[in-house]
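K.L.:
Let me see the structure of the following:
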Amino acid sequence: TPAGLIIEQNYAPIKSRDLTTSILGKRRGITLREMDRNVTDIRKQNNSIVPNVVHSFDASNIALLVENISSNFSVNKMNLLTIHDCFATNANDVDEMVLKVKLAFIALYSEKSFIDSYHNFILEFINKTGFIIKEKSTSKGENISYVYTENANIQIPKVPSFTINKNLKFDILGSQYFIN
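P.N.:
Got it, this is the predicted structure:
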């Protein structure tokens, strides 16, 4: 995550068994669930990766926000409540909280180095888990990286080429609807 936390996702398939018993004429039922930690639920992994990455980024924004608020806590005490990507505070602190949320977002995402670092982290993680990454040259002379698995060769996307809008800070700070 941008805050430096390493988050791991591993969903295991769950097997359920229903048990029903009768005690003194009353039927009672329970469901027993058992996970097989040696198997990965690929469908759930695929469906969960993007939302979980976004949640980890939101958590990084909150961590930076809390750090900023707590470092100034002796000067200005602010109550803060967060749930996922929602924020709340006392009415008299709303404007300051909105500013601090925007500043935390700018600090996290205003440099392309974050995207490069995240891409490199993913590649290192793929290597550490035992997968082989190789490059191939295309007929156009471009190098394309692949992860080699038993069943398929998966192309690794390149880091997009883009520039950060120089007005990003101004646009976010001036946005009425960035957080409301």
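K.L.:
use CA for all of it now, contacts and neighbours both
P.N.:
Fine.
K.L.:
okay, which residue is most central for this structure?
P.N.:
For the chain, residue 53 is the residue whose C-alpha lies nearest the centre (Cα atoms, centre = their mean; 2.2 Å).
K.L.:
Just read off the phi/psi values of it.
P.N.:
With angles defined as degrees, to the nearest 10, residue 53 sits at phi -60, psi -50.
K.L.:
That one and residue 128: what is the separation?
P.N.:
Taking Cα to Cα, to the nearest Å as the measure, residue 53 falls 19 Å from residue 128.
K.L.:
Over to residue 161?
P.N.:
The spacing between residue 161 and residue 128, counted by Cα to Cα, is 26 Å.
K.L.:
how about the helices in this structure?
P.N.:
Secondary structure of the chain (DSSP state H): helices at 42-71, 94-109, 113-128, 168-174.
K.L.:
Pick the most deeply packed of those helices.
P.N.:
Mean neighbours per residue, mean count of other Cα atoms under 10 Å, is largest over these for helix 94-109, with a mean of 17.
K.L.:
centre of the chain versus that helix, how much separation?
P.N.:
Centre-to-centre, helix 94-109 and its host chain are 19 Å apart (Cα atoms, centre = their mean, to the nearest Å).
K.L.:
Mind checking the pLDDT average for that helix?
P.N.:
The average pLDDT for helix 94-109 rounds to 88.
K.L.:
Verify the stated contact: residue 15 with residue 39.
P.N.:
No - with contact defined as Cα atoms under 8 Å, residue 15 does not reach residue 39; the gap is 11.9 Å.
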